[in-house]
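**Student:** Pasting a predicted model and its sequence here:
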Amino acid sequence: METKKLQATSNTLVKDFLELTKVRLSVSVVFSSIAGYLLGVEQINPVVILLLAIGGYLMVGASNAYNQIIEKDLDGLMTRTKNRPIPAGRMSVNTAFIVASVFTVAGIAVLYAINPKTAMFGAISIFMYVSLYTPLKTKTPLSVFVGAFPGAIPFMLGWVAATGDFGIEAGTLFMIQFFWQFPHFWAIGWFLYDDYKKAGFFMLPTGKQDRGTAVQVVLYTIWTLLVSLIPVLGVTGDFYITPLTAVFVFLLGIWFLIHSIKLFKFKSQQAARKLLFVSVAYITLLQILYVLDKFLR
């Protein structure tokens, strides 16, 4: 009986730890960073990939832990988040703060072991997410714009880890993920509108599920498609793609755009959920296409 209780307690602690650090989001960020690394590296170093994965997870985990500490009361108001460890009372703020602090220091140290610039951008990401994006969520729809900056860092972070340099190539990777985040987060803001409203979060550009928001979703999807094709023009230094890959990128972008237009047309929760799924698939497949183009050309 005692063994079962201990096992149940252990499972709960692990689950709460993963929830505090948002493991699924952290894994997606690590994936983006590794994709950026593969695009920038001349000779793959497994040790650097491991350090990037560990450091990336620690940095994202720290950001998410700080976020949940700051928003603990607001999380308790929303159906989606009320069962998180802190608002549910399973984890104290002090414990969460210790986790966040340890993750911050360890994450910066691990990324510094790759090179100082990688650590610097990792630290900037945490600062902007926690100190700017998080408090602005209850103040203005511009929070999504501010949050897009730390959210766009992981893809280019990999390039910086591979080269030790931030140039036109890393800037292009940053720009691609920057524009992508707007339709992605507005899709989330749309289908979770009622839940966000309980906590007073302003996530949609007009503050409403209306035509103005839907128009901006379509426009930013178009921008995402266009910037994703820039590498084929040969103006982004060592980061470029072949015309054949550009065709696939274009078709992927059209798929993304179709679902943005469907949100504009139907303005429904279902269309927003579908757009969210497509947006995640888009950025993942896009990064895979870029990496395959480099290694198969």
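**Tutor:** Perfect, I can see it now.

**Student:** How is the chain divided into domains?
**Tutor:** Following automatic domain parsing, the chain resolves into domains at 1-166, 167-297.

**Student:** Format those domains as TSV; extra columns: mean pLDDT and mean neighbour count.
**Tutor:** Backbone N, C-alpha and C define where each C-beta goes, glycine included. What follows is the domains of the chain, written out as TSV (pLDDT from 0 to 100; neighbours: other Cβ atoms under 10 Å):
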stretch	mean pLDDT	mean neighbour count
domain 1-166	93	18
domain 167-297	97	18
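
**Student:** roughly how far apart are the nearest residue to Met91 once chain neighbours are set aside and Tyr196?
**Tutor:** Using Cβ to Cβ, 6 or more residues apart in numbering and skipping residues adjacent in sequence, the residue nearest Met91 is Pro85, 3.7 Å away. Note on Pro85: its distance to Tyr196, by Cβ to Cβ, to the nearest Å, is 20 Å.

**Student:** show me where the protein has helices.
**Tutor:** All helices of the chain, identified by DSSP state H, fall at 2-20, 23-40, 46-70, 72-75, 93-114, 116-127, 134-136, 143-163, 168-191, 193-199, 211-229, 243-266, 269-296.

**Student:** so what does the longest one touch, helix or strand wise?
**Tutor:** What it means is helix 269-296. Judged by 3 or more Cβ pairs under 8 Å, 6 or more residues apart in numbering; DSSP states H and E, helix 269-296 is in contact with helix 23-40, helix 168-191, helix 211-229, helix 243-266.

**Student:** can you redo the ones you listed as CSV with distance to Gly61?
**Tutor:** Output for the helices and strands packed on helix 269-296, formatted as CSV (distance: least, Cβ to Cβ, whole Å):
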stretch, distance to Gly61
helix 23-40, 6
helix 168-191, 19
helix 211-229, 27
helix 243-266, 29
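
**Student:** Out of those, which gets nearest to Ala162?
**Tutor:** Smallest distance to Ala162 across the helices and strands packed on helix 269-296 (Cβ to Cβ): 3.4 Å, for helix 23-40.

**Student:** what's the closest one in contact with?
**Tutor:** 44, 48-49, 52-53, 56-57, 60-61, 64, 154-163, 169-170, 173, 177, 238-239, 280, 283-284, 287-288, 290-291, 294-295 (Cβ atoms under 8 Å, 6 or more residues apart in numbering).

**Student:** could you redo the last one with a cut-off of 6 Å?
**Tutor:** The set of residues external to helix 23-40 that reach it, using Cβ atoms under 6 Å, 6 or more residues apart in numbering, is 52-53, 56-57, 60-61, 154-159, 161-163, 173, 287, 290-291, 294.

**Student:** thought Ala214 was touching Phe264?
**Tutor:** Yes: Ala214 is within contact range of Phe264, at 4.0 Å (criterion: Cβ atoms under 6 Å).

**Student:** Next up, phi/psi of Asp165, please.
**Tutor:** Asp165 adopts backbone torsions of phi -140, psi 140, taken as degrees, to the nearest 10.

**Student:** Identify the residue nearest it in space, chain neighbours excluded?
**Tutor:** Using Cβ to Cβ, 6+ apart, the closest residue to Asp165 is Lys117 (7.4 Å).

**Student:** Is that neighbour in contact with Ala162, as I believe?
**Tutor:** No: counting by Cβ under 6 Å, Lys117 stays clear of Ala162, with 11.1 Å between them.

**Student:** Present the helices of the chain as JSON lines; the columns should include distance to Pro205.
**Tutor:** Below are the helices of the chain laid out as JSON lines (distance: least, Cβ to Cβ, whole Å):
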{"stretch": "helix 2-20", "distance to Pro205": "29"}
{"stretch": "helix 23-40", "distance to Pro205": "22"}
{"stretch": "helix 46-70", "distance to Pro205": "21"}
{"stretch": "helix 72-75", "distance to Pro205": "21"}
{"stretch": "helix 93-114", "distance to Pro205": "30"}
{"stretch": "helix 116-127", "distance to Pro205": "23"}
{"stretch": "helix 134-136", "distance to Pro205": "14"}
{"stretch": "helix 143-163", "distance to Pro205": "7"}
{"stretch": "helix 168-191", "distance to Pro205": "7"}
{"stretch": "helix 193-199", "distance to Pro205": "13"}
{"stretch": "helix 211-229", "distance to Pro205": "5"}
{"stretch": "helix 243-266", "distance to Pro205": "13"}
{"stretch": "helix 269-296", "distance to Pro205": "14"}
